[in-house]
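>>> with the sequence up front, the predicted model follows.
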Amino acid sequence: MQTNQDRIDANAPTPIGQQLRAILLNQIEAGVYAPRRKVPSERVLAEQFGISRTSVREALTHLLSKGVLCRTVGRGTYVADVAEKRGQPKSRPVTVGQIGFWIDSDVFNFIQAGYNRILTGAGEICRQRGWRLQFHPVAVGGQSLDLILDEDVKSGGLDGNMVVGGLNHHELARLRDLGSPLLLVDLMTTNVETGTVRIDYASGVRAAVEHLRSLGHRSIGFIGFPGSEKYEAYWQSLEADGLSYNPRHVCLLSSTEPAPGMVTGYQAARKLAAGADLPTALIVTNDHVAIGAIEALTLAGIEVPEAMSVVGCDDLGEGTRALTTIRVDLMEVGRQAAKTLLDSIEHGIDPQIILMPAQLVVRGTTAVPSRVEISNTRS
């Protein structure tokens, strides 16, 4: 039976994931979950507390990043073994520096597989160098950011912060006001600031357009975010290759309330498929969105790649289709971000602007077009 302290209050100002995190920590400290004992699955915890699996996943990811929990592939999640025996004096406390990993919770949910890789890579370097990485998903409006910062200040504060995917101006300003080093990682816009780890999506998209053009495609569409580097590179590459930009072949996504990637891709492709004319190829903002788009196209009777070629991005390696994609080593992005930020903290080195490579990998979702979109063909 749950006590009041073990219940989630949906009306409380504290985010649901943060409430669950506190409950699990209390239960671990009380011995409900002993070291090396398995904790319930996401599904079980979601049912037990009457909350979404997304909130459960946020809480578990945070505890994993802090080393409270550990995960074994194929077996589950366990309480970390603190190797502290009763009757023995506690070891002398060691001061551990803390780094904040900040990400908009909606952005994180949009493509968890990709951002989890960045988180994993950053956490790997932090552990190697004796630092602790704190995972902080920020709810819309920034209220949770203020609450998290108040909590962190009480526990000694953060020595540096990395913002992944971007936050709003108020939230970024609040982090800058802390006075500690700040690094921006994988921004969804093309804005360039000092201390930024960017991915060279522009070269990857240019390679994708050139690949599709070499196959004979002359009408190439796009699903992605306005103002993003991928979108800018898309229309600029069309122009450079003498291909027309057709707004009916473009579906621009909202960056304020993104649904999970596959759902977004499915909805976007349905809109395109309902149009009077269709492109013969699509470049899609990431593999999850591409998988959803392919499902919608298939249900509409548009086979991939026979009737439409599709190029994804990030090489997430999920789904049953061998996607042609723009490959990015997202774990290495996380590693480089952590190294850059820690060098700034430990050695006083100003964070650099680092450009991570991207390359096109051709697989089974692109082919010679079986039809030609007449309105976009040039002689």
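That came in fine, so what should we check first?
>>> residues near Arg43, how many?
Neighbouring residues of Arg43 were enumerated by other CB atoms under 10 Å; the total is 10. All C-beta spots, glycine's among them, are computed from the backbone N, C-alpha and C.
>>> swap in Val304?
Val304 has 22 nearby residues by other CB under 10 Å.
>>> is it true that it touches Ala322?
No: between Val304 and Ala322 there is no contact under CB atoms under 8 Å: 11.2 Å.
>>> can you list residues touching both of those two?
Thr365 (CB atoms under 8 Å, 6 or more residues apart in numbering).
>>> Ile223 sits in which helix or strand?
For Ile223, the enclosing helix or strand under DSSP states H and E is strand 220-224.
>>> what sits up against the helix or strand that that strand is followed by?
Counting by DSSP H and E, the next helix or strand C-terminal to strand 220-224 is helix 229-240. Identification of contacts with helix 229-240 by CB under 8 Å, 6+ apart yields 189-190, 198-199, 201-206, 209-210, 220, 222, 224-225, 244-245, 252, 283, 285, 313.
>>> in helix 229-240, which residues are buried?
For helix 229-240, the neighbour count (16 or more other CB atoms under 10 Å) marks Glu229, Lys230, Tyr231, Glu232, Ala233, Tyr234, Ser237, Leu238 as buried.
>>> so which residues of the stretch 101-250 of the chain form strands?
Secondary structure of the stretch 101-250 of the chain (DSSP state E, counting those that start in this stretch): strands at 131-138, 160-164, 182-185, 196-199, 220-224, 250-252.
>>> mean neighbour count, those strands: which tops it?
A comparison of these by mean neighbour count, using mean count of other CB atoms under 10 Å, puts strand 220-224 on top with a mean of 27.
>>> next, Ala34: secondary structure please.
coil (DSSP: H, G, I helix; E, B strand; the rest coil).
>>> grab the nearest non-local neighbour of it.
Leaving aside its sequence neighbours, Ala34 sits nearest to Val79 (CB to CB, 6 or more residues apart in numbering; 6.5 Å).
>>> next, the contact list for the one you found, please.
Ile28, Tyr33, Ala34, Pro35, Arg36, Arg37, Val39, Val68, Leu69, Cys70.
>>> what's near enough to touch Ala322?
Arg363, Gly364, Thr365.
>>> possible to save those residues as a markdown table with pLDDT and secondary structure?
Listed next are the contacts of Ala322 as a markdown table, based on pLDDT from 0 to 100; DSSP: H, G, I helix; E, B strand; the rest coil:
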| residue | pLDDT | secondary structure |
| --- | --- | --- |
| Arg363 | 95 | coil |
| Gly364 | 94 | coil |
| Thr365 | 97 | coil |
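>>> going through these, which ones are buried?
Buried among the contacts of Ala322 by 16+ other CB under 10 Å: Thr365.
>>> at which residues are the helices of the stretch 151-300 of the chain located?
With helices called from DSSP state H, counting those that start in this stretch, the stretch 151-300 of the chain shows them at 169-176, 201-215, 229-240, 261-273, 287-299.
>>> and those, which is most packed in?
With neighbours defined as mean count of other CB under 10 Å, the helices of the stretch 151-300 of the chain peak in mean count at helix 287-299, which reaches a mean of 24.
>>> that helix to helix 261-273, inter-axis angle?
40 degrees (axes from the mean of the first three to the mean of the last three CA atoms, to 10 degrees).
>>> before we move on, back to that, for Ala290, state which of the contacts of Ala322 is nearest.
Closest approach to Ala290 among the contacts of Ala322 (CB to CB): Thr365, at 7.7 Å.
>>> dump the residue contacts of the closest one.
Ala290, Ile294, Val304, Pro305, Ser309, Val310, Val311, Gly312, Arg321, Ala322, Leu323, Thr324.
>>> again, but for Cys126
Taking CB under 8 Å, 6+ apart as the test, what Cys126 contacts is Ile99, Arg132, Leu133, Ala338, Leu342.
>>> go on, Ile354?
Per CB under 8 Å, 6+ apart, neighbours of Ile354: Thr196, Val197, Arg198, Gln336, Thr340.
>>> related to what we said a few turns ago, point out the least confident one among the contacts of Thr365.
Lowest-confidence member of the contacts of Thr365: Arg321, scoring 82 (pLDDT).
>>> what's the burial count for that one?
Counted with other CB under 10 Å, the neighbours of Arg321 add up to 18.
>>> quickly note the distance from it to Pro279.
As for Arg321, its distance to Pro279 is 19 Å (criterion: CB to CB, to the nearest Å).
>>> could you export the helices of the stretch 151-300 of the chain as TSV, including distance to Ile118?
Converted to TSV, the helices of the stretch 151-300 of the chain look like this (distance: least, CB to CB, whole Å):
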stretch	distance to Ile118
helix 169-176	18
helix 201-215	14
helix 229-240	16
helix 261-273	15
helix 287-299	15
